[in-house]
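Q: Output the structure for:
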Amino acid sequence: MTIKTDPRIIRTRKLIMDSFVQLSMKKDFKNITISDITSKATVNRATFYYHFTDKYDLLNKVLKEDLMTKVLKEIEKHEKVNHKTITSIFLSIISFQSSLSSQCKKSFEAFSTTIENVIKKELEKVFYQMLMKETSSENEEVVRAGSVMLSWGIYGASIDWQHNSSMSPEEYINMMMPSLISGVDKLN
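A: The predicted structure follows:
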């Protein structure tokens, strides 16, 4: 039996999330209060706490449910872990981070740890599912560890590119590809 969510609940949740994103564009994360969010969203505190435990929970859910959806949609287009998939994921992460840092300049640094955790965890899930379908390995632990290494490696490469590279993102990922692909090939 499918339980249908009331559209008003969905709208209110979205309104709170959008208000938070708008505030993040103007204020540092540490200076955003629950009162700021509820005022902007025109809801009361009880409504806010019905949907989120605190502003950190709200941040996590905004990143996971709203902003990461573009990255995850790009990833879902692929069925196998290969050169094309890794390149596409890397470029999606770069685009996501660039968009977020330009939209929320004041709060981006405060978001960085949460962004890292969300991206790595979501990539890990996707890689695990892909690798379980395509690998001949019977050992789930090997596939899980491979998924972790891929997700952390691609995320780490995106940060390295951002801070240390003068290459285009495409040139950078092509340079790194032999290392990433050889690790994936060892899982099969």
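Q: got any ranges where this structure has weak pLDDT?
A: Where the chain drops to pLDDT under 70, the residues are 1-4, 66-68, 103-108, 136-138, 181-188.
Q: for the chain, which helix is longest?
A: For the chain, the longest helix by residue count, based on DSSP state H, is helix 108-134.
Q: Return the list of helices and strands in contact with that helix.
A: Helix 108-134 is packed against helix 55-61, helix 68-76, helix 83-103, helix 140-164, with contacts defined by 3 or more Cβ pairs under 8 Å, 6 or more residues apart in numbering; DSSP states H and E. Every residue, glycine included, has its C-beta placed from N, CA and C.
Q: right, and those helices - which one's nearest K120?
A: helix 140-164 (4.9 Å; Cβ to Cβ).
Q: sorry, back to before: which positions in the longest helix of the chain come out as buried?
A: Buried residues in helix 108-134, defined by neighbour count with 16 or more other Cβ atoms under 10 Å: 108, 110-111, 114-115, 118-120, 122-124, 126-128, 130-131, 134.
Q: any idea which residue sits dead centre in this structure?
A: Using Cα atoms, centre = their mean, the residue of the chain that lies closest to the mean C-alpha position is I119, 3.5 Å off.
Q: I'd say that residue and I94 touch.
A: No: I119 is beyond contact range of I94, at 11.2 Å (criterion: Cβ atoms under 8 Å).
Q: one step back: could you measure from the residue nearest to the centre of the chain over to D160?
A: In this view, I119 and D160 are 14 Å apart by Cβ to Cβ, to the nearest Å.
Q: and what of V142?
A: Taking Cβ to Cβ, one finds V142 at 26 Å from D160.
Q: With I34 instead?
A: Using Cβ to Cβ, we find I34 at a distance of 36 Å from D160.
Q: Same check on S147?
A: The span separating S147 from D160 equals 20 Å under the rule Cβ to Cβ.
Q: okay, those two: which has more neighbours?
A: Higher neighbour count among S147 and D160: S147, with 22 against 12, using other Cβ atoms under 10 Å.
Q: quick one, what contacts the more buried one?
A: L123, E124, K125, F127, Y128, L131 (Cβ atoms under 8 Å, 6 or more residues apart in numbering).
Q: at 7 Å instead, please
A: The contact partners of S147, by Cβ atoms under 7 Å, 6 or more residues apart in numbering, come to E124, F127, Y128, L131.
Q: Identify the residue spatially nearest to F90, adjacent ones excluded.
A: I173 (4.5 Å; Cβ to Cβ, 6 or more residues apart in numbering).
Q: just checking, the one you found touches S92?
A: No: look at I173 against S92 with Cβ atoms under 7 Å: they stay out of range, at 11.2 Å.
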